[in-house]
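sequence unknown, structure follows:
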């Protein structure tokens, strides 16, 4: 009973959390909490077989299937906050309270009698006793279950399968398409530029610089751009760092500041990055915001 | 062991699941709430199995689990298909059959 009183509040809180969290992944994790707690309760209720099945089938298989579909659909596809039906949440809450009150009042008027316990039924082992029941009294239901599972597997395959209507584009077709795009819209037929390939940063969230010093949008992942996680560093920022280094009083080991030409720029301003980042940590974020706006 | 607390917990979990089905609009979360309701009923079945001293309740809970597994497989495949055609997993968007 101790396990029950510890787990029951956790389960109710986790279940309530499913109602209120915005992201579906969080709801799935809270559901996992409820299911594992239920498994522990089953173990306390003399149902060791169901304890194992609950963990293996529910938490292991079904919940992983949920998470798998969530990943396919898109993890950040969170619920919208807007109410489409007016008063829906209020009415749902009223209905929920009514249901709880009805159930609690109804259950409080029932006397459940004394608990018989499963000691005699589980005498030869819980799994053996369950198997005896499953393969004698409930053998027809068990066989029907196999038909149900096969139907479900076939149905899932049928629903998930997509017939290819157009022939698959091969290498030749793709190359021809690229050249057509180039002729029509001037889209560059070659591969996209790699991100972060210039002096100040070397990371995927910083765009590459074109020869004129402007950042290339094509070099960063669209996902990063959509998240707003793209950092910017322009040629003039490199200039600024070089100027700071050249200014008197700046602590630096870089003795001579080279011109912005050639290979030396890379090494010198690479050193400069460490210095400037240490001295003014906010410089990157402010410049990034300005560029995004 | 007393029976009442278990049955009350089962009733509360079932109600939370039902309210979730009414409130949430992401089809996957709605599905999770259905699973919560099935689990709540399982808890009641297992509790009654112990209270009455026979294993039929546990067998019933076992069958509920099997049916829930089949239901989840088909339901999630349907959600995937809807998402593929409509680019949305919200239950509000699948309103083609509404007149």
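Done, it's in. On a predicted model such as this, the values are computed, not experimentally measured, just so you know. Numbers count the residues shown, from 1 in each chain, chains lettered A, B, ... in the order given.

distance of residue A:122 from residue A:105?
Separation of residue A:122 from residue A:105 (Cβ to Cβ, to the nearest Å): 34 Å. All C-beta atoms are positioned from the backbone trio N, CA, C, and that covers glycine.

again but with residue B:13, I slipped
Remark: distance between residue B:13 and residue A:105 (Cβ to Cβ) = 18 Å.

More neighbours: which of these two?
Neighbours were counted for residue B:13 and for residue A:105 using other Cβ atoms under 10 Å in any protein chain shown; residue B:13 has more, 26 against 9.

Check which helix or strand the more buried one maps to.
With secondary structure defined by DSSP states H and E, residue B:13 is part of helix B:4-23.

other SSEs contacting the next helix or strand after that helix?
Using DSSP H and E, the helix or strand that follows helix B:4-23 in sequence is helix B:27-52. In terms of contacts (3 or more Cβ pairs under 8 Å, 6 or more residues apart in numbering or on different chains; DSSP states H and E), helix B:27-52 is packed against helix A:2-20, helix A:24-44, helix A:63-73, helix B:4-23, helix B:56-86.

of those, which approaches residue A:228 most closely?
Closest to residue A:228 of the helices and strands packed on helix B:27-52, according to Cβ to Cβ: helix A:24-44, at 20.4 Å.

Show me how far the closest one is from its chain's centre.
Remark: helix A:24-44 is offset 19 Å from the chain centroid, using Cα atoms, centre = their mean, to the nearest Å.

now do stretch B:57-68
Relative to its chain's centre, stretch B:57-68 lies at 13 Å (Cα atoms, centre = their mean).

Repeat that for stretch B:75-95.
For stretch B:75-95, the distance to the chain centre is 19 Å (Cα atoms, centre = their mean).

now do stretch A:179-198
A distance of 31 Å separates the centroid of the chain from that of stretch A:179-198, by Cα atoms, centre = their mean.

what's whichever residue of chain B sits closest to chain A in contact with, if anything?
Closest residue of chain B to chain A, Cβ to the nearest Cβ: residue B:53 (3.0 Å). Counting by Cβ atoms under 8 Å, 6 or more residues apart in numbering or on different chains, residue B:53 makes contact with A:116-118, A:120-121.

Pull out the buried members of those.
A:118, A:121 (16 or more other Cβ atoms under 10 Å in any protein chain shown).

Just the closest of the contacts of residue B:53 to chain B, please.
Out of the contacts of residue B:53, the member with the shortest distance to chain B (by Cβ to the nearest Cβ) is residue A:116, at 3.0 Å.

Just list the residues touching the closest one, thanks.
Taking Cβ under 8 Å, 6+ apart as the criterion, residue A:116 is in contact with B:50-53.

Just say helix, strand or coil for it.
The three-state label given to residue A:116 by DSSP: H, G, I helix; E, B strand; the rest coil is coil.

Next, it: phi, psi?
For residue A:116, the backbone dihedrals (degrees, to the nearest 10) come out as phi -80, psi -40.

ditto for the one 3 residues further on
With angles defined as degrees, to the nearest 10, residue A:119 sits at phi -60, psi -40.

Identify the residue nearest it in space, chain neighbours excluded?
Spatially, and ignoring its direct neighbours in sequence, residue A:119 is nearest to residue A:46 (7.8 Å; Cβ to Cβ, 6 or more residues apart in numbering or on different chains).

Then residue B:92 would be within a helix, right?
No: going by three-state DSSP, the assignment for residue B:92 is coil, not a helix.

Settle this for me: it is touching residue B:25, isn't it.
Yes: the criterion here is Cβ atoms under 8 Å, and residue B:92 meets it with residue B:25 at 5.8 Å.

what is in contact with the two at once?
residue A:84.

More neighbours: these two, which one.
Between residue B:92 and residue B:25, counted using other Cβ under 10 Å, the more crowded position is residue B:25 (18 against 12).

how near is residue A:143 to chain B?
Counting by Cβ to the nearest Cβ, to the nearest Å, the gap from residue A:143 to chain B is 12 Å.

how deep is that residue tucked in, by neighbour count?
Number of residues near residue A:143 (other Cβ under 10 Å) recorded here: 10.

Of all the helices and strands packed on helix B:27-52, which one is nearest residue A:94?
Evaluated over those, closeness to residue A:94 peaks at helix B:4-23, with 9.9 Å, by Cβ to Cβ.

Spatially nearest residue to residue A:7 (excluding sequence neighbours)?
Distance criterion Cβ to Cβ, 6+ apart; nearest residue to residue A:7, sequence neighbours excluded, is residue A:37 at 4.4 Å.

I meant residue B:4, not that one.
Among residues not flanking residue B:4 along the chain, residue A:112 sits closest, at 6.4 Å (Cβ to Cβ, 6+ apart).
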